[in-house]
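Student: pasting a predicted model and its sequence here:
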Amino acid sequence: MDTKHIAIFGPTGYIGTKLIRDLYNEGHKLTLFSRSIRKLDYLQNDCMLLRGIEPNICIVEQFLEEEYYKDIVASLQGVDAVYYLVHSLYIDEKSNFLNKDNQLASLIAKASTEAGVKQIIYLGGLGVDKPKAPISKHLLSRQDTANYLRANHNCVTEFRAGVIIGAGSSSFEIIRSLGNKLPLLPKLPGIEGQCQPILVDNVVDYLIHSLSNPKYFNQIAEIGSKDVLTYPKMIEIFASKIRGVELTTLPLPIINKILTPSILSYIISHMTNMPYLLIERLLEGMHSYAIVSNHPVEAIDPDNHIELKSFEESLKIATERMEDAMFQSVWSIPYELSVLNANHKTQFLNLSSKEIEGMLFEKYSEKIEIQEMYQVFETIKTIGGTTGYFSPRWMWEIRGFFDKLLGGRGLSPYRSHPSLLRVGDRIDFWVVSFYKNWATNKVLRLKADMKTPGDAWLQFEIQSSPKNDEAIFTLSAYFEPSGIAGYIYWYGLYFIHKFIFKYMVKEILKEAREKI
């Protein structure tokens, strides 16, 4: 196989993560550009996604701004193709994300041209502009991005896809949550948009198939399953085929008058535990036609051997992976909203005295045998979700109840398989902010994403002794109070925390030793 040097912009996103796995396993050399390289630590850790460990991945921490243009060009030297998966959908200024996308696309296309990159492959969005159903600002921005790429590079392959179905995708998470929770389907006002959903595996197949493929040079390729569905219909099919419940559609004229997109986004956000801003942007396309139109992929490549899955088949595949917690890629908390945002306060990376200065903390340690290190850490990695927290579950459920009461996510069971744990992954109302699994030092640090008067972390660490004859297992809770309310919160729960954390250490060791 002819291997290539490939750069990926947007490698920590849902599609980017899957692309990394498949391209790496095919033997290609990868250069990954990201603002949050901590989310890529798993590639240099115990990553079961990759076959073998080869020095074929270069990670570049890079903000995509004009002032760094020369640095970007330098990093692109020798690259054959660029996958451009960046989309600034989530920036706070609603009126600016179109301009931001265009600026970023122009920057990377110019840098790719100067560096001699032969092809840019871009994943955009399906969208047909109709008089009665105008294309949404979100979908329009995806297509505009391709135009700016083309204006600054002479070989751009643009794929257009609609709703992507896969375990861990934002679209599937909305369909799954609503299909599981809704007692009926309200008939929404306005024109019902249509889409052609597609399995995430098929999207990645097309992206890789087009690499250095002359058929796709300077082409637009619209991809989607053969199913043309409305958005409520997708929820109805999920409820019927997966949940076994037939949802009735009811017109609710009075409620529809007050059910604005903003209110609907707020409701869905609380039902799915997904950010309001993400939901709002996705719902903008609810009345649009995200369907294959003038550029079907078959027109440029009629003999491709990619076997497209139907919507029902895609649902079943995604659901099975969800049940096994085997999402190889997960919809990301938008960088701008993430606890890992570099513009936020330092997320205490090295546990230095300066980083923890002023923090309140509790620590509990137990000596363990060297040969117990592996199993203890494997047990720790199962925390959250249906496993719980190795302590009375009702106490965590109460905490989750109050979190939801205050507008937080609550303790909704959510986590990936322990063997796929990565920085940025969500575990209930925590986010993995640090992960290391070395022979002599193992660390899992969780950043609280709950309503608290301050910032909170929960850290599990196993450190072998200098002589490597024993190890110390330590559970640490850190809290950086925000004003007097933070101190009241910490000391008000002081004895409860002491009980829970001590209990957790004992139970983790007990369960781990039973498996040795």
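Tutor: Here it is on my side, so go on.
Student: how's the chain carved up into domains?
Tutor: 5-336, 360-515 (automatic domain parsing).
Student: tell me the bridge partners for Val432.
Tutor: Leu446 (DSSP bridges).
Student: the one 5 residues further on too?
Tutor: Counting by DSSP bridges, Asn437 forms beta bridges with Lys442.
Student: so what pLDDT did it get?
Tutor: Per-residue confidence at Asn437 stands at 88 (pLDDT).
Student: verify the stated contact: it with Phe377.
Tutor: Yes: counting by CB atoms under 8 Å, Phe377 is a contact partner of Asn437 at 6.7 Å. For the C-beta atoms, the positions are set from N, CA and C on the backbone; glycine is no exception.
Student: thinking again about what came up before, by mean pLDDT, show me the worst of the domains of the chain.
Tutor: domain 5-336 (a mean of 84).
Student: quick one, phi/psi of the closest residue to Asn441 other than its chain neighbours?
Tutor: Closest residue in space to Asn441, ignoring its immediate chain neighbours: Gln463 at 5.4 Å, by CB to CB, 6 or more residues apart in numbering. Backbone geometry at Gln463, expressed as degrees, to the nearest 10, gives phi -130, psi 130.
Student: and if you look at Gln119?
Tutor: Phi and psi for Gln119, reported as degrees, to the nearest 10, are phi -150, psi 140.
Student: who's in contact with the spatially closest residue to it that is not a sequence neighbour?
Tutor: Distance criterion CB to CB, 6+ apart; nearest residue to Gln119, sequence neighbours excluded, is Ala81 at 4.4 Å. Counting by CB atoms under 8 Å, 6 or more residues apart in numbering, Ala81 touches Lys4, Ile6, Ala7, Val117, Lys118, Gln119, Ile120, Ile121, Leu211, Ser212.
Student: now Ala81: phi and psi?
Tutor: Per degrees, to the nearest 10, the backbone of Ala81 is at phi -150, psi 150.
Student: mind listing the residues bridging to it?
Tutor: Beta-bridge partners of Ala81, as defined by DSSP bridges: Ile6, Gln119.
Student: return the distance of it relative to Lys29.
Tutor: 11 Å (CB to CB, to the nearest Å).
Student: before we move on, back to that, please identify the most buried of the domains of the chain.
Tutor: Greatest average neighbour count among the domains of the chain goes to domain 5-336 (a mean of 19), per mean count of other CB atoms under 10 Å.
Student: between the two ends of stretch 468-488, how far is it?
Tutor: Stretch 468-488 has an end-to-end distance of 41 Å (CA to CA, to the nearest Å).
Student: ok now that stretch, how far from the chain's centre?
Tutor: Put simply, stretch 468-488 sits 27 Å off its chain's centre (CA atoms, centre = their mean, to the nearest Å).
Student: quick check: the gap between Val423 and Tyr84.
Tutor: Distance from Val423 to Tyr84, counting by CB to CB: 23 Å.
Student: from the contact counts, what lies against the helix of greatest length in the chain?
Tutor: Secondary structure of the chain per DSSP state H: the longest helix is helix 494-515. Helices and strands touching helix 494-515, by 3 or more CB pairs under 8 Å, 6 or more residues apart in numbering; DSSP states H and E, are strand 360-368, helix 373-380, strand 471-481.
Student: what angle sits between that helix and strand 360-368?
Tutor: 20 degrees (axes from the mean of the first three to the mean of the last three CA atoms, to 10 degrees).
Student: all numbers from here: first residue = 609
Tutor: Shifting the count to begin at 609 puts that one at helix 1102-1123.
Student: put the alpha carbons of helix 1102-1123 into PDB.
Tutor: Extracted in PDB, the C-alpha atoms of helix 1102-1123 (Å, rounded to 0.1, in the frame of the first residue of the first chain):
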ATOM      1  CA  TYR A1102     -16.400  18.000  55.200                       C
ATOM      2  CA  PHE A1103     -17.500  14.900  57.200                       C
ATOM      3  CA  ILE A1104     -19.500  13.500  54.400                       C
ATOM      4  CA  HIS A1105     -16.600  13.800  52.100                       C
ATOM      5  CA  LYS A1106     -14.300  12.100  54.600                       C
ATOM      6  CA  PHE A1107     -16.700   9.200  54.900                       C
ATOM      7  CA  ILE A1108     -17.200   8.800  51.100                       C
ATOM      8  CA  PHE A1109     -13.600   9.000  50.100                       C
ATOM      9  CA  LYS A1110     -12.300   6.600  52.800                       C
ATOM     10  CA  TYR A1111     -15.100   4.200  51.800                       C
ATOM     11  CA  MET A1112     -14.200   4.500  48.100                       C
ATOM     12  CA  VAL A1113     -10.500   3.500  48.800                       C
ATOM     13  CA  LYS A1114     -11.500   0.500  50.800                       C
ATOM     14  CA  GLU A1115     -14.100  -0.700  48.200                       C
ATOM     15  CA  ILE A1116     -11.800  -0.200  45.200                       C
ATOM     16  CA  LEU A1117      -9.100  -2.300  46.900                       C
ATOM     17  CA  LYS A1118     -11.600  -4.900  47.900                       C
ATOM     18  CA  GLU A1119     -13.100  -5.300  44.400                       C
ATOM     19  CA  ALA A1120      -9.600  -5.300  42.800                       C
ATOM     20  CA  ARG A1121      -8.300  -8.000  45.100                       C
ATOM     21  CA  GLU A1122     -11.200 -10.200  44.400                       C
ATOM     22  CA  LYS A1123     -10.300 -10.200  40.700                       C
END
